[in-house]
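K.L.:
here you go, sequence then predicted model.
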Amino acid sequence: MTDDFHASATATFGGSTSRLSLAIVVGLIGLGAGAVVPTWLASDFVLRLGSEGLLLGLLALSVAFLMNQAGLVALGVASIYGGAGYLFAIGMSDWGLTPTAALCVAFLILLVYATMLGALIVRTKPLAFMMLTLAAGEMISHAVLLEGLRDYTGGADGLVVRTNGAVLGIDAARFADPAQFWSLAWGVSVLIGLALWAIARSRLGAVLRAIRENEERMRFSGFNTFLPRLIGYVLVNIVAAIAGFLHVLNAGFVSPESLGLFVSTNTLVAALIGGISGSLGPILGGLIFSFAQDEFGARGLTQLLTGVAIVVFIVVFPRGVVGGLSGLSKRLGWRREAS
Amino acid sequence: MLTIEKLSVSYGSVRALTDVDLEIRGDGLLHGIIGPNGAGKSTLLDAICGRRRPTSGRVRYCGEDITRHSVSWRRRQGMARSFQRTSIFQDLTVHEQLQLVAQHLGDGRVGDVIEVMDLGGYLDQKAGRIAYGVQRRVDVALALIGRPRLLLMDEPGAGLSATETLRLFEHVRDLVRERRIAAVVVEHDVEAVFACCGMVTVLDLGRHLATGTPEAIRADHRVVAAYLGTAA
């Protein structure tokens, strides 16, 4: 009995080698094809929209990971996303750092901030957690508008970010080119998607889900329930920071809007549209949201049509587009087997 | 193994336990705790395992004062507990949840627990989809992982028939005897307690009323008057 148990345990927690190999192959093909093919077929405008969608998808991925694994909704990711741009710009213009050094310093500051905030809030109940992330995000978005900080933050005008030279060995000019930026954003999205997919299937993911489901039983099973949630929270903030750095390097400016609640709610909507249970859904949700916003904007009815579309999507695909399609394919497969 | 000294617990202005003294031996005997509703039985377990902080008094475990230690610390030191309301991971399979806890506590002999709790036929099923009686066994199995030295069980028979309760008690009694560990069980089913426990404590209105063998407790006129009644 014991041997049987351990054999099956290895199959479950040791990770299925065949599924992992398949995921790696699919990931590599997706990485290559997605990075190159659109740059041949799409215009610069479409690539820009797609890149915005990918960055929103990255943010959605971070929010979805925390929702799915820890049952926590973070409404303040925009403060990290926009904060990354501000710190990067301030590091270069006010502290005289090189682009790479400014990026590293900004990343470290955000890491410390996320860890400290996380240590305060991850113990709270899900609703309180959501409101606290919202409050922290709103505090930061208003702080950049303070008159006393105007010299650093540019107030309501925001900051123009002039990046000269290379960032992490990549020529800054490449970030402004739509085709090259698309390839970069795509590569980063796929890699982060795969990393979060692997983490969700690791012991940390299993522990986070078990804490989400029954925290008391986890404590009574000898687990520290605080640290895994803190790690999860910091992890998603790292993803949001990466999206923020990519955004500022591409756009060349950062404004208070990038820190606002609007970005956080769009992120949540993108995650719900795509589906929160995997890595593909949030990225797809970001792309759908970005292209839909452009289409709705062209008709001058952005908010109205966005609202209608959200209702329709959530009613038709309660588990998101990816969840819905996955369920449909399973049902079709079952019918084929039955016939 | 476990010594309770002058333990008191209050919920606001209500005193749930008052100056309770109790000694639990770790010699393979099942120690039952009985008493009418509101006697403080579950509160006593909560205070022992760290779920609720006592207002005053001490909990000593293997000679050490553990009154201020956390729940997870106590678990890692071998103090395990099951709950009155089944507390398992409904979305995980039986196998996944036992394995998760076993890996954390470094227990390589989970197969023994599965065998003792007769869960072999349910390993691949999600815990939320199995019968309630089996869920109760999973709850106890989660507490048994890591080879605890002290097992605390809060109404393991809740929601089970008298036969199922007796069978569960027999499983646990045999395990406790075989491993020579200490076990405390709070239970309403007095017959199951008298049939399987080597020692019984009676609480009434938050106070310790009596401790003794089942025969002594049955014969104690204070217990008969407060709880058992003439039927006992």
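P.N.:
That came through, no problem. Numbers count the residues shown, from 1 in each chain, chains lettered A, B, ... in the order given.
K.L.:
report the secondary structure state of the closest residue to chain A within chain B.
P.N.:
Among the residues of chain B, B:Gly111 lies closest to chain A, at 3.0 Å counting by Cβ to the nearest Cβ. In short, each C-beta sits where N, CA and C put it, glycine included. The local conformation at B:Gly111, judged by DSSP: H, G, I helix; E, B strand; the rest coil, is helix.
K.L.:
distance of it relative to B:Gly133?
P.N.:
21 Å (Cβ to Cβ, to the nearest Å).
K.L.:
quick check: next helix or strand after the helix or strand where A:Arg229 lies?
P.N.:
Element membership for A:Arg229, per DSSP states H and E: helix A:226-251. Downstream of helix A:226-251, the next assigned helix or strand under DSSP H and E is strand A:253-254.
K.L.:
name the residues that touch the following helix or strand past that next one?
P.N.:
Remark: after strand A:253-254, the chain's next helix or strand is helix A:261-274, criterion DSSP H and E. Residues from elsewhere that reach helix A:261-274 (Cβ atoms under 8 Å, 6 or more residues apart in numbering or on different chains): A:56-57, A:59-61, A:63-64, A:67, A:73, A:75-78, A:81-82, A:134, A:137-138, A:141, A:257, A:280-286, A:288-289, A:306, A:310, A:313-314, A:317, A:320-322.
K.L.:
mind checking the pLDDT average for helix A:261-274?
P.N.:
Mean pLDDT, helix A:261-274: 92.
K.L.:
report the buried residues of it.
P.N.:
For helix A:261-274, the neighbour count (16 or more other Cβ atoms under 10 Å in any protein chain shown) marks A:Val263, A:Ser264, A:Asn266, A:Thr267, A:Leu268, A:Val269, A:Ala270, A:Ala271, A:Leu272, A:Ile273, A:Gly274 as buried.
K.L.:
pick the one among those closest to B:Gly159.
P.N.:
A:Leu272 (37.1 Å; Cβ to Cβ).
K.L.:
please report how far that closest one lies from A:Asn68.
P.N.:
From A:Leu272 to A:Asn68 the distance is 12 Å (Cβ to Cβ).
K.L.:
what bits of chain B have low per-residue confidence?
P.N.:
B:230-232 (pLDDT under 70).
K.L.:
right, and the helix or strand after the lengthiest helix in it?
P.N.:
Assignment by DSSP state H gives helix B:162-179 as the longest helix of chain B. Later in the chain than helix B:162-179, the nearest helix or strand by DSSP H and E is strand B:182-186.
K.L.:
name the next helix or strand downstream of the helix or strand bottoming out on mean pLDDT in chain A, please.
P.N.:
Ranked by mean pLDDT, DSSP states H and E, the helix or strand of chain A with the weakest confidence is helix A:2-13, at a mean of 45. Later in the chain than helix A:2-13, the nearest helix or strand by DSSP H and E is helix A:17-41.
K.L.:
chain center to the next helix or strand after that following helix, what's the gap?
P.N.:
For helix A:17-41, the following helix or strand on the C-terminal side (DSSP H and E) is helix A:44-70. On the basis of Cα atoms, centre = their mean, to the nearest Å, helix A:44-70 sits 5 Å off its chain's mean C-alpha point.
K.L.:
stretch B:187-196 too?
P.N.:
That offset, for stretch B:187-196, works out to 13 Å (Cα atoms, centre = their mean).
K.L.:
show me the contacts for A:Gly323.
P.N.:
A:Gly323 neighbours (Cβ under 8 Å, 6+ apart): A:Gly275, A:Ser277, A:Gly281, A:Phe317.
K.L.:
at 10 Å instead, please
P.N.:
Listed by Cβ atoms under 10 Å, 6 or more residues apart in numbering or on different chains, the contact partners of A:Gly323 are A:Gly274, A:Gly275, A:Ile276, A:Ser277, A:Gly278, A:Gly281, A:Phe317.
K.L.:
how about those in a markdown table, adding distance to B:Leu17 and secondary structure?
P.N.:
Shown next, in a markdown table, are those (distance: Cβ to Cβ, whole Å; DSSP: H, G, I helix; E, B strand; the rest coil):
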| residue | distance to B:Leu17 | secondary structure |
| --- | --- | --- |
| A:Gly274 | 52 | helix |
| A:Gly275 | 49 | coil |
| A:Ile276 | 45 | coil |
| A:Ser277 | 45 | coil |
| A:Gly278 | 49 | coil |
| A:Gly281 | 51 | helix |
| A:Phe317 | 53 | coil |
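K.L.:
and which of the residues you listed is nearest to chain B?
P.N.:
A:Ser277 (12.4 Å).
K.L.:
show me where chain B has helices.
P.N.:
Listed in chain order, the helices of chain B (DSSP H) span B:41-49, B:71-76, B:94-105, B:110-116, B:132-144, B:162-179, B:190-196, B:214-219, B:221-223.
K.L.:
export those as a markdown table, with columns for mean neighbour count.
P.N.:
As requested, the helices of chain B are exported to a markdown table (neighbours: other Cβ atoms under 10 Å in any protein chain shown):
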| stretch | mean neighbour count |
| --- | --- |
| helix B:41-49 | 24 |
| helix B:71-76 | 20 |
| helix B:94-105 | 24 |
| helix B:110-116 | 20 |
| helix B:132-144 | 23 |
| helix B:162-179 | 18 |
| helix B:190-196 | 19 |
| helix B:214-219 | 16 |
| helix B:221-223 | 14 |
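K.L.:
got those helices as TSV, with distance to B:Arg207 columns?
P.N.:
Compiled in TSV, the helices of chain B are given as follows (distance: least, Cβ to Cβ, whole Å):
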stretch	distance to B:Arg207
helix B:41-49	11
helix B:71-76	25
helix B:94-105	36
helix B:110-116	35
helix B:132-144	28
helix B:162-179	26
helix B:190-196	19
helix B:214-219	16
helix B:221-223	11
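K.L.:
go through these and name the closest to A:Ser326.
P.N.:
The nearest among the helices of chain B, by Cβ to Cβ, is helix B:94-105 at 21.2 Å.
K.L.:
helices and strands around the closest one, which ones?
P.N.:
For helix B:94-105, the packing partners by 3 or more Cβ pairs under 10 Å, 6 or more residues apart in numbering or on different chains; DSSP states H and E come out as helix A:2-13, helix A:203-213, helix A:215-219, helix B:71-76, helix B:110-116, helix B:132-144.
K.L.:
what's the angle between that helix and helix A:203-213?
P.N.:
Here helix B:94-105 points in a direction 110 degrees away from that of helix A:203-213 (axes from the mean of the first three to the mean of the last three Cα atoms, to 10 degrees).
K.L.:
in PDB, list the C-alpha atoms belonging to helix B:94-105.
P.N.:
Presented in PDB, the C-alpha positions along helix B:94-105 are these (Å, rounded to 0.1, in the frame of the first residue of the first chain):
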ATOM      1  CA  VAL B  94      -7.900  12.400  -0.800                       C
ATOM      2  CA  HIS B  95      -4.500  11.400  -2.100                       C
ATOM      3  CA  GLU B  96      -3.400  15.000  -2.900                       C
ATOM      4  CA  GLN B  97      -4.300  16.300   0.500                       C
ATOM      5  CA  LEU B  98      -2.700  13.500   2.500                       C
ATOM      6  CA  GLN B  99       0.400  13.700   0.300                       C
ATOM      7  CA  LEU B 100       0.600  17.500   0.700                       C
ATOM      8  CA  VAL B 101       0.600  17.300   4.500                       C
ATOM      9  CA  ALA B 102       2.800  14.200   4.600                       C
ATOM     10  CA  GLN B 103       5.500  15.900   2.500                       C
ATOM     11  CA  HIS B 104       5.400  18.900   4.800                       C
ATOM     12  CA  LEU B 105       5.700  16.900   8.000                       C
END
